[in-house]
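1. kindly generate the corresponding structure for this input.
(chains A and B)
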Amino acid sequence: MIAAGLYHRLGSRALWVAGILLAVAVLAPLSNLALPEGHALRLPNHMMPLLGKYLTYATLALALDLVWGYCGILSLGHAAFFALGGYAMGMHLMRQIGPYGVYANPVLPDFMVFLGWKELPWYWLGFDQFWFAALMTMVVPGLLAFLFGWLAFKSRVTGVYLSIITQAMTYALMLAFFRNDMGFGGNNGLTGFREILGRPIAAPETRAALFSASAILLALCFLLCSLIVRSKLGKLMIAVRDAESRARFLGYRADHVKLFVFTLSAMMAGLAGALHTPQVGIINPGAFDPGASIEVVIWAAVGGRGTLIGPILGAGLVSAGKSWFTASFPEIWLFLLGGLFVFVTLFMPKGILGVLASIRAGWAARRASARKQAGVDPDPEPSAADPIPAAQEAAP
Amino acid sequence: MSGSARFLRICGFARSLLVFAAFLLLFAFAFSLRTAQAQEPAEAPSPAPPGLAEIVAGMRDAGLPQLRAAVAALSASGEAEALPVLQALAAGTLNQSASGAMAVRLGPDRFVDAVTGAPLEAASLGALKALRINNALRRDIAAAIGGLTLRHEDPAVRRSAAAQIFANPDPANSPLLEAALAEEQDPRLRLLMEQARAAILLRGGSASAEEVAAAVELLAARGDRASLGLLNGALASAPEAARPALQEGIERIQRRLAYWGIGQNIWSGISLGSVLLLAAIGLAITFGVMGVINMAHGEMVMIGAYTTFVVQDLIRAHSPGLFDYSLAIAVPAAFLVTGLVGVAVERGIIRWLYGRPLETLLATWGLSLIIQQGVRSIFGATNQNVGNPSWMSGAFELGGLTITWNRLWILIFALAVFALLLMVLNKTFFGLQMRAVTQNRRMASAMGVRTPWVDALTFGLGSGVAGLAGVALSQIDNVSPNLGQGYIIDSFMVVVFGGVGNLWGALVGAMTLGIANKFLEPYWGAVLAKIAILVFIILFIQYRPRGLFALKGRAAEA
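-> Below you'll find the predicted structure:
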């Protein structure tokens, strides 16, 4: 019953994507752990955290796309939620170092001993418990997003203004986390982790488990997003995106819709960040850099915003490209990234998926005209699911 | 639209641009006038008495103690001609040559005789060795120069001599000071000399309570940080009876300094505000007219700064004498370069994205990455050396305020650019069309305004102004490919805070944020102050979602 209901609500494509992600969550660690060294199908050890990192990026891009592609809120501060989740997890991992730090203080992390602090600040309390830290990776970004969104959406701050103040938010957070006396490690951030849930953090088994967790998180977020965008709420989101005033005049609370989606998206970003930190082994204030948030936007834009598969695709492609280019041709990476921004906005406003869709529509049209010439009645015009209306907003 | 009407409109655009260019030239001219004044002819040398020549000759191969004696002798001689020798010694330009002459180096390969002031052939001098001094000797020299110049015929020289003694109160100068006071006529100079005498008295530590009280009265009236230091220093050694007077004097000065501290904060705030204004005003124009946030705006500023660098580089290579005019040349050059880049960007990218402001934001961000990396590839990632012209270096005192010339000039420049833009917007045909498009794009278009033209030229104008900001910022900030990034978020804040309805929003926004920032800094530190400002703006937007000076009526709904 439940399965049938879910199938009905999600559609086959979403289940396929989630199924593939779950298969990856099982097969990739298997290939890494079970196959012998040098086997053609074996994923090398260094690839596991790298791919796991891409999966968390994809979750972040998915979270951003939920607010941008479906609700029209261009957040230029989404990496801040990701980083907050990462910091929450980082704080837990710092506590897990225990007496093995340089200063061998069983309670205080090294940087606090170095700064001469005598006891743990109150906001570090509880982070020695994994469940508490895991909760905080959602609660802290969610709370910030709720407060921020509650203020912004209630007073109808929209469009460019909203984008700018989200950027101001992440910038302010970056400045704050750079301060040593904030108690988050200042410039160096949190690093030097040893264990997670009692396992050494750099062991291949742990890495594989973290990879699986990232893939499963992405699959779950994808299913959740699919459920939402196909529900009545999803329709309302699109209505708010395309004609906010009209939706409001019809009696819908546009601000409530936006607030819900924004908060949910921030919590997903926080969870992704929490899985990102143990895989890369460090979290520092650079994660709050406004540039990082804008890069998330380009992931979603490249893949195709207003679709749920697009951001996953875009995050993977752009991040992989970045890894390769910054290693091989560091000086042209910024040219490429910048060019990508310009090219995508000018020529591929619907991203890769949009290009694929228009190619398919072209084939369909050709087939239809061929059939028409052959004397068969053409199909009724296929209702191309157009994720983005041609003119999003009236010209200012 | 008929052909002739179109022709008239194009003429209108051209005229507006010409007006702007003319103003720029005027400004450049004003700059050059200022520079011309800054260069004064050097003083003509005059023959020296024989006594001086002996002392100077004795300085050859002298150790520090002999040099010290020579300085004392020069000071005691009381001759005005001893002055250039002491000054050269202090500046490290006094050389002993293999040919036997003591030579003062004025510039590369330009030497004069230390005693007579007659020019010397660089080739005839042979090997040169500069006379080296230490800090103790440097203080002696400063005091000696002060003593020697107290009776100079030029009041400006006497003033600086008295100030010199005040800064280094040395009881050895007391007799010279008394002698100078006896014949000084100018009341303001007398006051300065009396203050110097008071400083020596307090430093000496052997004065009676009445003398100290009189000195405290003089210094408290002067009321600057140096006086405070003198009084605090005297507190330890003064006689018991003089303590209360000293205490009271210290409190008086501290109260006065607190007031001036507020003034200094306001000045720093205005100065920061002028920088913000310069960086943001171009953004306000493009945002106001086109509803487009240009993320590459900071890079336009950066290009302006690099234009300044290139102009200075060319001047250094071809005509070093023009260096003081380099900024005057860089101002129109930067405006043209960045303006053209702006028009090209508008025609190439932005015009395809109208009605999609968020996409424009992304595309211009991409553009900013490309420009940054391009500049990094051409000029390298390191900071470029942009020099301050002589008239922009240094500082002056105004009451208790210390004002640096470059900050003052940037403030003047920012206000001039602001006034010019106000003029262009309100008095020219182009400005009229710009305002029409800002208020109602479709109606303006229906009335025959060629909105694409207005857009392109507006974007060019906004970028050109960013270039002007770059010229100014090159004087106070590091010229590196990251220059623009440091200003872009602040500029956004100014625009969002001030609103886009008119330029006054940018002015009020920039000044408010600048002053607020500088007032918070002493209490919270620079970083927290900045965070507080950001949070304030985020909250402020909730109450005025379109900024302080929002457009009203239908225009605001679009």
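2. number of nearby residues for B:Arg376?
-> 16 (other CB atoms under 10 Å in any protein chain shown). Any C-beta I mention is one placed from the backbone N, CA and C, and that applies to glycine too.
3. so it makes contact with B:Gln384?
-> No. Applying CB atoms under 8 Å, one finds B:Arg376 not in contact with B:Gln384, separated by 11.5 Å.
4. wasn't B:Leu106 part of a helix?
-> No. Assessed with DSSP: H, G, I helix; E, B strand; the rest coil, B:Leu106 is strand; it does not lie in a helix.
5. show me the contacts for it.
-> B:Leu106 makes contact with B:93, B:112, according to CB atoms under 8 Å, 6 or more residues apart in numbering or on different chains.
6. roughly how far does it sit from chain A?
-> 46 Å (CB to the nearest CB, to the nearest Å).
7. now do B:Ala550
-> B:Ala550 sits 11 Å away from chain A, going by CB to the nearest CB.
8. following whichever strand or helix holds A:Gly339, which helix or strand comes up?
-> Assigned by DSSP states H and E, A:Gly339 belongs to helix A:330-347. Later in the chain than helix A:330-347, the nearest helix or strand by DSSP H and E is helix A:351-373.
9. how about that next one and chain B, touching?
-> No. Helix A:351-373 stays clear of chain B (CB under 8 Å from any CB of the partner chain), getting no nearer than 11.9 Å.
10. quick check: which helices or strands does that helix pack against?
-> Counting contacts by 3 or more CB pairs under 8 Å, 6 or more residues apart in numbering or on different chains; DSSP states H and E, helix A:351-373 is packed against helix A:290-303, helix A:309-328.
11. give me the longest helix you can find in the chain.
-> Picking chain A for this. helix A:2-34 (DSSP state H).
12. chain B is the one I meant
-> Assigned via DSSP H, chain B shows its longest helix as helix B:243-290.
13. need the helices and strands packed on helix A:351-373 in CSV (columns: distance to B:Trp391, mean pLDDT and mean neighbour count).
-> Converted to CSV, the helices and strands packed on helix A:351-373 look like this (distance: least, CB to CB, whole Å; pLDDT from 0 to 100; neighbours: other CB atoms under 10 Å in any protein chain shown):
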stretch, distance to B:Trp391, mean pLDDT, mean neighbour count
helix A:290-303, 37, 92, 25
helix A:309-328, 45, 92, 19
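14. TSV for those helices, including distance to A:Lys235?
-> Formatted as TSV, the helices and strands packed on helix A:351-373 follow (distance: least, CB to CB, whole Å):
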stretch	distance to A:Lys235
helix A:290-303	21
helix A:309-328	20
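15. out of these, which gets nearest to B:Leu336?
-> Shortest separation from B:Leu336 across these is recorded for helix A:290-303, at 29.8 Å, computed as CB to CB.
16. show me what the closest one is packed up against.
-> Using 3+ CB pairs under 8 Å, 6+ apart, helix A:290-303 sits against helix A:47-68, helix A:78-97, helix A:159-178, helix A:309-328, helix A:330-347, helix A:351-373, helix B:357-379.
17. one more pass at 6 Å, please.
-> helix A:47-68, helix A:78-97, helix A:159-178, helix A:309-328, helix A:330-347, helix A:351-373 (3 or more CB pairs under 6 Å, 6 or more residues apart in numbering or on different chains; DSSP states H and E).
18. for those helices, which one ends up most surrounded?
-> Mean neighbour count, computed with mean count of other CB atoms under 10 Å in any protein chain shown, is highest for helix A:78-97 among the helices and strands packed on helix A:290-303, reaching a mean of 28.
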